[in-house]
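>>> Structure of the sequence below:
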Amino acid sequence: MHVAHLSLVDFRSYPEAEVTLGPGVTAFVGRNGQGKTNLVEAVDYVARLASHRVASDAPLVRFGSPRAVVRAVVVRDGREALLEVQINPGASNRARVNRSPLPRARELLGLVRTVLFSPEDLALVKGDPSERRRFLDDLLVQRAPRLAGVRADYDRVLKQRNSLLKTAGAARRQGRRDGGSAAATLGVWDAHLARAGAELLAARLDLVGALRPYVATAYRAVAEGSGRAEATMTYKPSLELPPSAGGGHDREALAAALLAEVERRRDEEIDRGVSLVGPHRDDLVLMLGPLPVKGYASHGESWSTALALRLASYDLLRAEGDDPILILDDVFAELDGDRRERLAELVAGAEQVLVTAAVPEDVPAVLAGARIDVVDGKVLPGVC
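Predicted structure coming up:
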């Protein structure tokens with residue numbers, strides 16, 4: 001799988017852009033602020049319908065424009081497909097495949113897959129649990145696009161439930177009687193939270209189990225010669241999980257456990273006005289030997305762990321289907337020489353690798369290939 005052509009209209013800094021790509025390595029080279037990251041961000045957006053740089057879609061639309069359009073010609077098994085997404089801040093995005101509209105934009109998910117490395121990846125190790133939850137959920141959707149709907153349902157239920165908790169808590173503190181109706185309604189949303197939460201929780205647990213051996217292998221490859229213990233990962237839920245049979249996770253049992261814990265902590269949740277139980281409170285614990293990476297690992301070890309998570313994601317997706325498109329956004333400038341060369345060697349065999357760099361020297365020799373210069377917001381064919 002690879003992107004053969006990228007077309008942008010009012011995306012980020014580009015009024016228009018047309019970029020022809022091919023299999024193998026393509027490096028976008030240009031000084032900071034010239035627009036090279038915007039190009040690879042657009043490729044990633046078609047795959048995930050999200051940006052690795054911002055949480056909302058509004059910054060993706062060029063200032064003064066009502067909408068942005070990203071089109072990508074994707075080649076898979078020798079057949080081409082034109083994927084298109086129209087980004088409409090404040091309204092629903094629209095998507096088309098081969099000019100035919102899709103009922104919902106998220107039906108575009110899964111038609112092209114990407115794994116993106118960026119300087120922000122260090123937050124996977126050093127940042128808040130929300131960074132690691134987002135990493136898991138993004139990978140979940142790449143593996144099984146239907147889970148985008150599950151995640152959206154869970155977020156909707158959580159938002160409604162938190163609103164009711166705030167209402168009930170305020171009424172309790174003020175001695176008002178109208179909090180009773182909000183508290184009574186909570187029972188309905190508790191059940192919704194348990195059902196959607198169990199689906200998301202089971203999928204995350206399965207993913208961590210599948211990803212764990214790939215992370216260990218990738219860390220050994222990236223940190224070769226470091227002499228440190230093996231990298232491991234454990235999912236840390238917000239409640240005690242029921243026993244699993246045969247290595248699987250029964251969704252009904254998980255839903256029952258979630259519902260029981262929500263009911264047990266009902267008074268505390270009302271007092272605090274927030275949901276304290278569910279996948280939105282969970283974490284992914286990363287370890288090197290007996291110690292957690294967060295707070296104990298060196299800067300280099302933290303980078304090796306972050307790279308291992310991305311490489312493991314790529315290996316898992318490739319094992320289950322087509323090669324994802326690998327995107328390395330200014331990541332080589334952040335790494336020391338040894339890690340830079342090891343990462344380059346590990347990804348060089350991918351079907352398509354897109355690299356951004358400030359100067360050509362930042363791209364390791366093993367990744368020599370096509371080059372596109374980005375100067376003053378213009379895309380110019382470079383030299384190989």
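
>>> what separates the one helix or strand Ala171 maps to from the chain centre, distance-wise?
Ala171 belongs to helix 147-174 when assigned by DSSP states H and E. Offset of helix 147-174 from its chain centre (C-alpha atoms, centre = their mean, to the nearest Å): 24 Å.

>>> Could you tell me the angle between the direction of the helix or strand following it and that of helix 147-174?
Using DSSP H and E, the helix or strand that directly follows helix 147-174 along the chain is helix 179-222. Between the axes of helix 179-222 and helix 147-174, defined by axes from the mean of the first three to the mean of the last three C-alpha atoms, to 10 degrees, the angle is 140 degrees.

>>> Check which element follows helix 179-222 along the chain.
Immediately after helix 179-222, counting by DSSP H and E, sits strand 231-236.

>>> Check which helices and strands the very next helix or strand once past that next one sits against.
Per DSSP H and E, the first helix or strand lying C-terminal to strand 231-236 is helix 251-264. Applying 3 or more C-beta pairs under 8 Å, 6 or more residues apart in numbering; DSSP states H and E, we find helix 251-264 packed against helix 179-222. (C-beta placed from N, C-alpha, C; glycine too.)

>>> ok, Lys378 to Ser13 distance?
Distance, Lys378 to Ser13, by C-beta to C-beta, to the nearest Å: 10 Å.

>>> Of the two, which one has the most company?
A direct count of neighbours by other C-beta atoms under 10 Å for Lys378 and Ser13 places Ser13 higher, at 15 against 12.

>>> Do I have it right that that one meets Phe63?
No - assessed by C-beta atoms under 8 Å, Ser13 is found out of contact with Phe63, at 9.0 Å.

>>> Nearest residue to the spatially most central residue of the chain in space, please, no chain neighbours.
For the chain, Asp138 is the residue whose C-alpha lies nearest the centre (C-alpha atoms, centre = their mean; 3.5 Å). Once flanking residues are discounted, Asp138 sits nearest to Arg48: 6.1 Å by C-beta to C-beta, 6 or more residues apart in numbering.

>>> Alpha carbons only: can I get the helix or strand containing Ala319 in PDB?
Assigned by DSSP H and E, Ala319 belongs to helix 299-320. What follows is helix 299-320 as a C-alpha-only set of coordinates in PDB (Å, rounded to 0.1, in the frame of the first residue of the first chain):
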ATOM      1  CA  HIS A 299      16.300  10.500  28.000                       C
ATOM      2  CA  GLY A 300      17.800   8.000  25.600                       C
ATOM      3  CA  GLU A 301      15.800   5.100  27.100                       C
ATOM      4  CA  SER A 302      12.600   7.100  27.000                       C
ATOM      5  CA  TRP A 303      13.200   7.800  23.300                       C
ATOM      6  CA  SER A 304      13.900   4.100  22.700                       C
ATOM      7  CA  THR A 305      10.700   3.100  24.400                       C
ATOM      8  CA  ALA A 306       8.700   5.600  22.400                       C
ATOM      9  CA  LEU A 307      10.200   4.400  19.100                       C
ATOM     10  CA  ALA A 308       9.500   0.800  20.200                       C
ATOM     11  CA  LEU A 309       5.800   1.600  20.600                       C
ATOM     12  CA  ARG A 310       5.600   3.000  17.100                       C
ATOM     13  CA  LEU A 311       7.700   0.200  15.500                       C
ATOM     14  CA  ALA A 312       5.600  -2.400  17.400                       C
ATOM     15  CA  SER A 313       2.500  -0.700  16.000                       C
ATOM     16  CA  TYR A 314       3.900  -1.000  12.500                       C
ATOM     17  CA  ASP A 315       4.900  -4.600  12.900                       C
ATOM     18  CA  LEU A 316       1.500  -5.600  14.300                       C
ATOM     19  CA  LEU A 317      -0.500  -3.900  11.600                       C
ATOM     20  CA  ARG A 318       1.800  -5.400   8.900                       C
ATOM     21  CA  ALA A 319       1.300  -8.900  10.400                       C
ATOM     22  CA  GLU A 320      -2.400  -8.500  10.200                       C
END
